[in-house]
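1. build me a model from this:
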Amino acid sequence: MLPLNTDPAPNAGAALLDRVRILLDLPATEGTTEAHAAVALPSRLATAELAWASVASALLAAGRSPALIDPHRVATAYRSDRVLSIDGVAPPVWSPYSGFWRTADGWVRTHGNYPHHSAALRTALGLQDDADADAVRVALEERTTADAVAGITRLGGLAVAVAAEDPAADRALRATPLLEVRRTDTPARRHSRHSRSTAAQDDRHPLAGMRVLDLTRVIAGPVCTRTLALLGADVLRIDPPHLPEPEWQHLDTGHGKRSARLDARTAQMHDLLSDADAVVLGYRPAALDRLGLQPSVLAERYPDLVVAQLSAWGTEHPDRAGFDSLVQAASGIALIESPDGDRPGTLPAQALDHSAGYLLAAAVTALLQRRTGEGGSWYAGTSLRRIAAELLGMPRSREPEGEAEFDVGPHLARFEVDGRSLVTSRPAMTGLEFDAPHLWGSDQAIW
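-> Model (predicted):
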């Protein structure tokens, strides 16, 4: 059972949807500015309204009415890690090295779910490989916040200071588009390649025949590409051979996609990009530069390509790695959601990740369909930090809504994946169903 938000603020979600609709040049659908129902994501900030508007944007871009939204389905999808099981067992979602830790003068938030990040954290704190959470706690209590963050990040680990919100910084971010959308080709280089596939599109699968190269990891990017696959696109996820994805994380967001391993600097990657209709990028901007995959280069080399980009902190911070939990902590969300005025808290889901994924999927869907009509190369981008600024600018309440429950059973999907039983959430977009995820790296890197 999941908690039910019983008192939503409908205008905030509807207003956000209308802004996205105008930004992406989507047609108005009767009732979309009115339709809103309670999404079970109780928090002081307008998490429920953000989630509703994000999923509604993806539906509207796909030609479907947001009035179809089932609020319980949205809540289950946003908290999919809480309903996931593999062979009847719920996998451990968080590493013991991920969490909030008190320091000598405040709090830090760390992220150690990947082995190389947890190793860097242990080294920075002078801990042995078998150190447990208590050892991390003791080590961080002896350090100032600044020293802890500097030491961990210097060695390649992930840590941020838990900070108060900065209204001026958030206003500046909200002055920029929630989704940056622009045409990137010039008149002299305009082509009309469109999709190379002849697959038939239909109302349920408007992206049938479109090839999408997925160069993303963790949650936000995979949610975006999982949504594009749900809408009919042929999505091929590529990962570096040396950096495995946690199994639970891949199975939770890999629905409908093929998964292969490939060095991005090979000629084979060029072949994949040459035949792609869209590419979704989720690596740090600086890493994309080193791989020759920055959006400007892709737009120049591959005419008529739709390039979508997600980052944690925005392209103005090209070298800074991050995750939803870190952005919540650094942006002030964690202190706003404090359960007692002392300890930092969290949103009821990794809502920055999921919302960024659905919003970017809406942009890619709209741009692919626009390209079919008028050709051209296009770019769409956003960041978790920009999504956080949006949430911080929406109406908030003094306390989270009351905790009620609903039955998640109708909102679960069941698959057999390589002989294993998988339970995940059904799509947030009502009326569509996922195809099973493939095992990580189990496919050929070909279209």
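2. pLDDT of stretch 208-219, averaged?
-> Confidence for stretch 208-219, expressed as mean pLDDT, is 96.
3. can I get it as CSV, trimmed to CA atoms?
-> Coordinates of each C-alpha in stretch 208-219 appear next as CSV, following Å, rounded to 0.1, in the frame of the first residue of the first chain:
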residue,chain,number,x,y,z
ALA,A,208,6.6,3.6,-34.4
GLY,A,209,9.5,3.5,-36.9
MET,A,210,11.6,6.0,-35.0
ARG,A,211,15.1,4.9,-33.8
VAL,A,212,16.2,6.3,-30.5
LEU,A,213,19.8,5.8,-29.2
ASP,A,214,19.8,5.8,-25.4
LEU,A,215,23.0,7.1,-23.9
THR,A,216,21.7,7.5,-20.3
ARG,A,217,22.0,5.9,-16.9
VAL,A,218,20.3,5.7,-13.5
ILE,A,219,16.7,7.1,-13.6
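4. okay, and the beta partners of D234?
-> When assigned by DSSP bridges, D234 has beta-bridge partners R211.
5. please shift the residue numbers so they start at 51 in all later answers.
-> New numbering, starting at 51: the last item is D284.
6. unless I'm mixing things up, it is touching D493, no?
-> No. Using CB atoms under 8 Å, D284 makes no contact with D493, being 11.6 Å away. C-beta: built from backbone N, CA, C; applies to glycine.
7. these two: which is more packed in?
-> D284 (22 against 16; other CB atoms under 10 Å).
8. quick check: that one vs A326, distance?
-> 10 Å (CB to CB, to the nearest Å).
9. and for A211?
-> A211 is 39 Å from A326, by CB to CB.
10. okay, these two: which has more neighbours?
-> Looking at A211 and A326 with other CB under 10 Å, you find the greater number of neighbours at A326, namely 25 against 17.
11. tell me which element the closest residue in space to that one that isn't next to it in sequence falls in.
-> Nearest residue to A326 in three dimensions, chain neighbours excluded: L263, at 4.5 Å (CB to CB, 6 or more residues apart in numbering). Secondary structure from DSSP states H and E places L263 in strand 261-265.
12. so after that strand, what's the next helix or strand?
-> helix 270-280.
13. what angle do that following helix and strand 261-265 make?
-> Helix 270-280 runs at 160 degrees relative to strand 261-265, counting by axes from the mean of the first three to the mean of the last three CA atoms, to 10 degrees.
14. so where's the stretch 251-400 of the chain uncertain?
-> Residue ranges of the stretch 251-400 of the chain with pLDDT under 70: 251.
15. could you pull out the strands for it?
-> 261-265, 284-289, 308-311, 328-331, 356-361 (DSSP state E, counting those that start in this stretch).
16. R470: which of those strands is closest?
-> Closest to R470 of the strands of the stretch 251-400 of the chain is strand 308-311 (CB to CB; 15.3 Å).
17. could you point out the longest helix of the chain?
-> Ranked by number of residues, the top helix in the chain under DSSP state H is helix 401-424.
18. ok, the helix or strand that it is followed by: who's next to it in the sheet?
-> Of the helices and strands lying after helix 401-424 in sequence (DSSP H and E), the nearest is strand 428-433. Partner strands for strand 428-433, per DSSP bridges, with pairing direction: strand 230-233 (antiparallel), strand 356-361 (parallel).
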